[in-house]
Every structure is written in structure tokens, then in C-alpha cells.
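Novice: pasted the sequence and its predicted model underneath.
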Amino acid sequence: MNNEFKAVIGIMRASNLLVDDLKKTLKNYPINATEFSVMEFLYSKGEKSIQEIRDRILLASGSATYVVDSLEKKGYITRNVSQKDKRVTYIRLTEEGMKLIDDIFPIHKKNTKRIFEKINDKELVILKEILKKIN
């Protein structure tokens with residue numbers, strides 16, 4: 001087995017571990033992993049357009065709209081049409097959305113820290129740089 005194939009398998013296993021852990025964290029909350037990813041992005045970056053959300057979370061156009069619609073129905077986000085360009089809609093977390101992320105994020109952070117506990121800070125920086133190169 002060549003090194004590239006071994007690397008792919010390792011990345012896929014790590015990805016599955018992280019996704020499975022996030023799903024376990026979210027099982028007691030009214031959102032799924034994709035919705036959490038959108039909310040976490042808005043939480044950390046502030047108001048963003050649907051296009052920016054789609055590009056960051058790697059969602060298809062229809063999927064992004066579906067996720068945003070779902071979060072809006074649940075009361076976690078609001079939409080605001082741009083005054084400069086009426087074709088652009090910005091999304092932001094509501095107070096309720098902020099509270100939900102404030103509840104979930106410490107648990108998610110603790111679990112992620114546990115998963116990466118065998119990797120030191122220097123190795124994490126290297127890992128991040130390597131992943132940037134292949135993305």
C-alpha cells in the first residue's frame with residue numbers, strides 16, 4: 001500500500017471520528033452536525049452571506065438554502081437583505097441561536113481537545129499546514 005493511500009485512509013478515519021463525536025454531542029440538542037457547522041461559522045465570524053456559508057461549509061447551493069431555512073424555522077438565525085445589493089442575503093445568529101451555541105460549544109471544545117490530546121501544539125500546527133496544502 002502506497003503512502004498516499006495510507007494517508008487518505010488516516011484522514012478519513014480521523015474525519016469519521018470527529019464527525020461521530022460531534023453527532024454524539026448534538027444528540028441532546030435540536031440541531032444536526034451541518035446546522036451546527038453553519039451556526040459555529042456565524043458565531044465565530046459574525047454575519048455572513050449564504051454564498052460565504054456555502055463556500056465555508058462546503059455545501060451545495062440547494063443544501064445551504066435548506067439548512068438556512070431549517071435554522072430560521074427553529075429561530076436560530078435571521079436573514080437580512082443587503083441594502084447595497086438586493087440579490088445578497090446576510091445571515092446572522094439570533095439571541096436564541098447564540099445561547100444554543102454557548103451551551104454546545106464548551107462540550108464540543110472539550111471533546112475535540114480529548115481527541116487531539118496525544119498531539120502537541122507543534123504537531124497541530126504542522127497538521128494544519130499539511131491539510132491546507134491538500135485543500
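Specialist: Right, received. Where do you want to start?

Novice: so which residues of the protein form helices?
Specialist: Secondary structure of the chain (DSSP state H): helices at 3-26, 33-45, 50-57, 61-73, 95-115, 121-134.

Novice: make CSV from these and add distance to Ser82, mean neighbour count and mean pLDDT to it.
Specialist: Glycine gets a C-beta too; all of them are placed from N, C-alpha and C. Output for the helices of the chain, formatted as CSV (distance: least, CB to CB, whole Å; neighbours: other CB atoms under 10 Å; pLDDT from 0 to 100):
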stretch, distance to Ser82, mean neighbour count, mean pLDDT
helix 3-26, 31, 12, 93
helix 33-45, 16, 18, 95
helix 50-57, 11, 17, 90
helix 61-73, 15, 15, 91
helix 95-115, 20, 14, 96
helix 121-134, 30, 10, 93
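
Novice: identify the residue spatially nearest to Phe116, adjacent ones excluded.
Specialist: Using CB to CB, 6 or more residues apart in numbering and skipping residues adjacent in sequence, the residue nearest Phe116 is Leu124, 6.7 Å away.

Novice: mind checking how far the one you found is from Glu117?
Specialist: Distance, Leu124 to Glu117, using CB to CB, to the nearest Å: 11 Å.

Novice: again with Thr89
Specialist: In terms of CB to CB, Thr89 sits 40 Å off from Glu117.

Novice: which one's more surrounded, these two?
Specialist: Thr89 (15 against 8; other CB atoms under 10 Å).

Novice: name the nearest residue to the more buried one, ignoring sequence neighbours.
Specialist: Arg79 (5.1 Å).

Novice: likewise for Lys24?
Specialist: Nearest to Lys24 is Asn111, by CB to CB, 6+ apart, at 7.9 Å.

Novice: Arg92 now?
Specialist: Nearest residue to Arg92, sequence neighbours excluded (CB to CB, 6+ apart): Glu47, at 4.2 Å.

Novice: I'd say the one you found and Thr94 touch.
Specialist: No - using CB atoms under 8 Å, Glu47 makes no contact with Thr94, being 11.7 Å away.
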